[in-house]
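Trainee: When you get a sec, could you give me coordinates for this:
(one chain, ligands or ions: 2)
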Amino acid sequence: MNYIQVQKSGPLKGAVTIQGSKNSSLALLAASCLADSTVTLDGIPNIEDLRIIRQIGMDIGLDIVRLPSGELFMDPRKLHSAVIDPGKASAYRASYYFVGALLAKFGKVTVGFPGGDDFVSRPIDQHIKAFRMLGAEVTFHNDHYVVEAKQLRGADIYFDMITSGATINTMLAAVRAKGRTRLTNAATDPEVVDTANFLNMLGARIIGAGTDQIRIEGVPYLGGGAYQVIPDRLIAGSFLMSAGINGGSVTVRNVIPEHLGSCTAKLREIGMEIVIDDQNITAHSNGKLRATRIRTGMYPGFATDLQQPFTALLLQSMGKSIVTERVYPKRFSHVQQLKRLGANIEVRKESAFIKGGVPLIGNWVHATDVRAGTCLLLAGLAAEGSTKITGIEHIQRGNENAIELFRSLGARISLEQLDEGAVNSEIRAPYSG
Ligand SMILES: CC(=O)N[C@H]1[C@@H](OP(=O)(O)OP(=O)(O)OC[C@H]2O[C@@H](n3ccc(=O)[nH]c3=O)[C@H](O)[C@@H]2O)O[C@H](CO)[C@@H](O)[C@@H]1O
Ligand SMILES: C=C(OP(=O)(O)O)C(=O)O
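Mentor: Ligands and ions are numbered 1, 2, ... in the order given. Sure, this is the predicted structure:
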């Protein structure tokens, strides 16, 4: 079994180039099925979720080839099936985008329920509501659901809450529907805008992405083309936070600073210096951080995905901090693991109460989801001795080369293997909470 070992490190210093956005890539890869010609995507990270999408691609006739240049070449002209294997669909979250992307071409899509990070409740009712309003019938079965529509028709759709996933999925379905679709209370996330820009590049007619009102005029045909995915704002944010852990200086390159507005604002609030220069952001820390409060929210609010790494930073910030999670109120499974390192942190309802400045001591911990993994990794940099993180498949689901990048900044971090014989006694505890 592999685990990541992190040892107490000095200040992180240096620069890292940020990978393409995981969440955008997952949407663009499925969206490529809508094209009637070949598509080349630049910047798609080599992550575990992509490996699963390639397997799905092989099943349904979507060729996906990594070119020597690093770009992904996709040929949707030989698509022959819209049946997505339930096991593969449930191995990651964004498999639901195959519904929106395949429905117009096939009239019927069969797909397993979405997997991905488990925050106790991640409903897809808004996706289903939107498909039904576009004229589809949806039926639920044991391990999959089926969405059918002979002809998708444009509709006025109001989302009951702001959801990036349902906004993107509905755009995908509406692009080739007959007539006009209007989305109200749409998500304004950069990943929504990126998907709309990509679809428009193929010939779609989407207006207003980035606002809460999106209009889509259905078109009968979409061409192909080349497109570059946006940088991963969530990974960029985590690296900026890493500069604060032991008082260092980290530059993230290839970012869109506007996408990180709420993150950089909070880093300044706790006492870090942030310098923005074109597509780069540098975070400096003198090691003295102040406590704060954060409340997550949909974009442009403080991203729920950055809440967990930020919590690691707040453990190093003097005073009492409060983290309130409004997007996924139960996204706190990292807290139990931080306590194993000695953190003074308690969850009550949808908030974590943190007393910063308490020394951390390395231990075995388990990453339950992708950002919990980043949180533990950051906490491990501050903890005395060594922190050993299991569940690294979650980290690999979203991060390309995390270990190498942290090491290039001076982190003492390595991938290790545990003999099967030693697995039992040493690491059982992190799982039992
Ligand atoms: C693959 C991907 O892009 N994942 C991201 C995406 O997840 P995902 O697309 O699943 O998240 P959404 O933006 O849809 O969810 C936002 C909120 O809406 C709720 N909701 C959503 C859909 C629905 O049908 N019903 C409903 O109630 C969710 O429970 C949550 O409270 O956005 C989240 C919120 O920014 C991020 O944490 C995830 O990293
Ligand atoms: C929640 C996340 O991923 P997913 O939606 O793919 O589970 C995440 O990226 O933090």
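Trainee: With adjacent residues omitted, what lies nearest to Leu234?
Mentor: Leaving aside its sequence neighbours, Leu234 sits nearest to Asp305 (CB to CB, 6 or more residues apart in numbering; 4.6 Å). Bear in mind the C-beta positions are built from the backbone N, C-alpha and C, glycine included.
Trainee: what does Tyr221 give?
Mentor: Asp36 (5.7 Å).
Trainee: Can you tell me the SS state at that neighbour?
Mentor: coil (DSSP: H, G, I helix; E, B strand; the rest coil).
Trainee: how close does it get to Asn197?
Mentor: Here the criterion is CB to CB, to the nearest Å. By it, Asp36 lies 18 Å from Asn197.
Trainee: Neighbour count for those two, which is higher?
Mentor: Just comparing Asp36 and Asn197: by other CB atoms under 10 Å the higher neighbour count belongs to Asn197, 18 against 15.
Trainee: can you map out the strands along the stretch 151-300 of the chain?
Mentor: 156-158, 180-184, 205-207, 213-217, 225-228, 249-253, 273-277, 280-284, 293-295 (DSSP state E, counting those that start in this stretch).
Trainee: Check the stretch 1-150 of the chain too.
Mentor: Using DSSP E, counting those that start in this stretch, strands in the stretch 1-150 of the chain cover 2-7, 13-17, 39-42, 63-66, 72-75, 108-112, 137-140, 144-148.
Trainee: Point out the most buried one among those strands.
Mentor: strand 108-112 (a mean of 22; mean count of other CB atoms under 10 Å).
Trainee: Check what contacts it and list those residues.
Mentor: Defining contact as CB atoms under 8 Å, 6 or more residues apart in numbering, one finds that strand 108-112 is touched by 82-90, 95-96, 98-99, 102-103, 143-149.
Trainee: From these, which land in helices?
Mentor: Counting by DSSP state H, the contacts of strand 108-112 place 86-89, 98-99, 102-103 in helices.
Trainee: out of the strands of the stretch 1-150 of the chain, nearest to Phe159?
Mentor: Phe159 sits nearest to strand 137-140 of all those, at 16.7 Å, using CB to CB.
Trainee: Counting by contacts, list what the closest one packs against.
Mentor: Applying 3 or more CB pairs under 8 Å, 6 or more residues apart in numbering; DSSP states H and E, one finds that strand 137-140 makes contact with helix 125-133, strand 144-148.
Trainee: Tell me if that strand is near ligand 1.
Mentor: No. Figure legend: strand 137-140 not in contact with ligand 1 (CB under 6 Å from any ligand atom); closest approach 12.2 Å.
Trainee: Run through who's touching that strand.
Mentor: For strand 137-140, contacts defined as CB under 8 Å, 6+ apart pick out 128, 131-132, 145-149.
Trainee: With distance to Thr264 added, can I get those in TSV?
Mentor: TSV is the format used below for those (distance: CB to CB, whole Å):
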residue	distance to Thr264
Ile128	36
Phe131	37
Arg132	40
Tyr145	40
Val146	44
Val147	40
Glu148	46
Ala149	43
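Trainee: can I get those in CSV with distance to ligand 2 and pLDDT?
Mentor: Shown next, in CSV, are the contacts of strand 137-140 (distance: CB to the nearest ligand atom, whole Å; pLDDT from 0 to 100):
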residue, distance to ligand 2, pLDDT
Ile128, 18, 98
Phe131, 19, 98
Arg132, 23, 98
Tyr145, 18, 97
Val146, 23, 98
Val147, 20, 98
Glu148, 26, 98
Ala149, 26, 98
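Trainee: wouldn't the residue nearest to Leu234 be in contact with Arg371 here?
Mentor: Yes. Counting by CB atoms under 8 Å, Asp305 does reach Arg371; the two are 5.1 Å apart.
Trainee: got any residues that touch both of these two?
Mentor: Joint contacts of Asp305 and Arg371 (CB under 8 Å, 6+ apart) are Leu234.
Trainee: more neighbours, those two?
Mentor: Arg371 (29 against 25).
Trainee: The more buried one touches Pro309, doesn't it?
Mentor: Yes. If you go by CB under 8 Å, Arg371 and Pro309 touch, sitting 6.2 Å apart.
Trainee: Give the residues shared as contacts by these two.
Mentor: In contact with both Arg371 and Pro309: Ser238, using CB under 8 Å, 6+ apart.
Trainee: tell me the phi and psi of the residue of the stretch 1-150 of the chain found nearest ligand 2?
Mentor: Ligand 2 sits closest to Gly116 of the stretch 1-150 of the chain, with a gap of 2.7 Å, by CB to the nearest ligand atom. Main-chain dihedrals, Gly116, degrees, to the nearest 10: phi 80, psi -160.
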